[in-house]
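A.B. asks: coords please:
(one chain, ligands or ions: 1)
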Amino acid sequence: MTSEKVHVEVCKGVNGLDKVVLREIRGSSAEVYLYGGHVTSWKNDHGEELLFISSKAIFKPPKAIRGGIPICFPQFSNHGSLEPHGFVRNRVWSIDSEPAPFPLNSSSKTFIDLILKPSEEDLKTWPHSFEFRLRVTLGPGGDLMLISRIRNTNTDGKAFSFTFAYHTYFSVSDISEVRVEGLETLDYLDNLQNKERFTEQGDAITFESEVDKIYLSTPTKIAILDHEKKRTFVLRKDGLPDAVVWNPWDKKAKAMADFGDEEYKHMLCVEAAAVEKAITLKPGEEWRGRQELSAVPSSYCSGQLDPRRVLQST
Ligand code: BG6
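C.D. replies: Model (predicted):
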């Protein structure tokens with residue numbers, strides 16, 4: 001094992017499922033299950049968990065793990081005829097020991113490359129051959145980066161189209177103390193109102209009831225401010241124009257078997273996504289989508305959280 005690889009360990013997780021643990025020298029860490037290519041943990045250098053995982057999450061196929069970062073592909077939610085959020089979140093991925101050359105520079109050596117190709121069964125429901133490469137990187141400062149590369153490997157000359165999301169569950173202290181900056185005044189499709197299109201009014205987005213919205217043509221940077229924790233998550237994205245914001249609130253929480261009744265108070269999904277306009281790949285073409293997360297102390301201005309400063313900083 002080379003010295004840069006000592007921070008990457010493959011071991012057993014819940015129910016004996018294989019997981020990869022990434023550790024950075026300053027103490028931050030991340031865990032990725034091969035089941036789903038699913039990031040289930042991201043901790044800062046104080047060992048604090050930054051992602052939400054339900055205490056009722058079922059780590060067993062065929063149910064996707066509730067929390068962390070499920071990957072939705074080739075279909076987001078019920079926007080099509082496939083099972084909701086597609087099938088890759090409940091397939092067992094492999095470690096890609098010889099990943100295709102990666103042109104992007106990254107100073108971090110703490111990463112894992114996973115790969116998924118469709119099975120014969122998968123091809124019956126979605127008749128397209130693809131290679132899905134996922135690189136999960138933990139940066140030296142504890143940032144978490146996910147890069148997906150999806151290639152059309154069809155030999156029948158056919159293009160395919162897909163929608164996509166990094167369905168990220170952030171851990172928050174109290175949902176009523178959380179605001180999202182960067183989406184105000186944008187158009188969105190409301191999943192709770194037949195996907196009708198509306199325009200967001202007013203200031204920052206806050207939460208007092210169920211929300212399930214797909215914001216369209218969003219900026220590359222979105223901030224999630226946790227007032228109580230004095231922590232801001234900054235989500236940066238590339239190749240993913242949309243952003244889904246979801247919290248099930250009390251009634252839906254009760255209806256989900258793998259989610260605690262009160263857990264909606266401690267999570268918020270903000271998902272870098274491509275939903276409104278499907279992505280189309282011809283045979284041989286590759287698409288790339290990146291999501292990078294960092295957690296920083298919230299900045300203050302006259303005692304108030306000042307999200308503009310967070311969004312303007314690099
Ligand atoms: C969100 C969708 O991304 O995921 C919601 O916008 C959906 O409509 C939620 O309810 C959870 O989906 P699932 O399939 O993981 O229960």
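
A.B. asks: Quick check: the most centrally placed residue in the chain vs the ligand, distance?
C.D. replies: By Cα atoms, centre = their mean, the mean C-alpha position of the chain lies nearest to residue 166, the distance being 2.8 Å. Separation of residue 166 from the ligand (Cβ to the nearest ligand atom, to the nearest Å): 10 Å. (Each C-beta comes from the backbone N, C-alpha and C, glycine too.)

A.B. asks: hang on, that residue packs against residue 271?
C.D. replies: Yes: here residue 166 lies in contact with residue 271, judged by Cβ atoms under 8 Å, at a distance of 5.9 Å.

A.B. asks: Now for the two: what residues contact both?
C.D. replies: residue 72 (Cβ atoms under 8 Å, 6 or more residues apart in numbering).

A.B. asks: tell me which parts of the stretch 1-150 of the chain are close to the ligand?
C.D. replies: 64, 77, 84, 85 (Cβ under 6 Å from any ligand atom).

A.B. asks: how does it look with 5 Å?
C.D. replies: Residues of the stretch 1-150 of the chain lying near the ligand by Cβ under 5 Å from any ligand atom: 77, 84.

A.B. asks: the helices in the stretch 1-150 of the chain, which residues?
C.D. replies: Using DSSP state H, counting those that start in this stretch, the helices of the stretch 1-150 of the chain run over 120-125.

A.B. asks: ok so, going back, ok, what's across the strand from the residue nearest to the centre of the chain?
C.D. replies: Beta-bridge partners recorded for residue 166 (DSSP bridges): residue 71, residue 272.

A.B. asks: Distance of it relative to residue 228?
C.D. replies: To residue 228, residue 166 is 25 Å away according to Cβ to Cβ, to the nearest Å.

A.B. asks: before we move on, what about residue 62?
C.D. replies: 36 Å.

A.B. asks: Over to residue 256?
C.D. replies: 25 Å.
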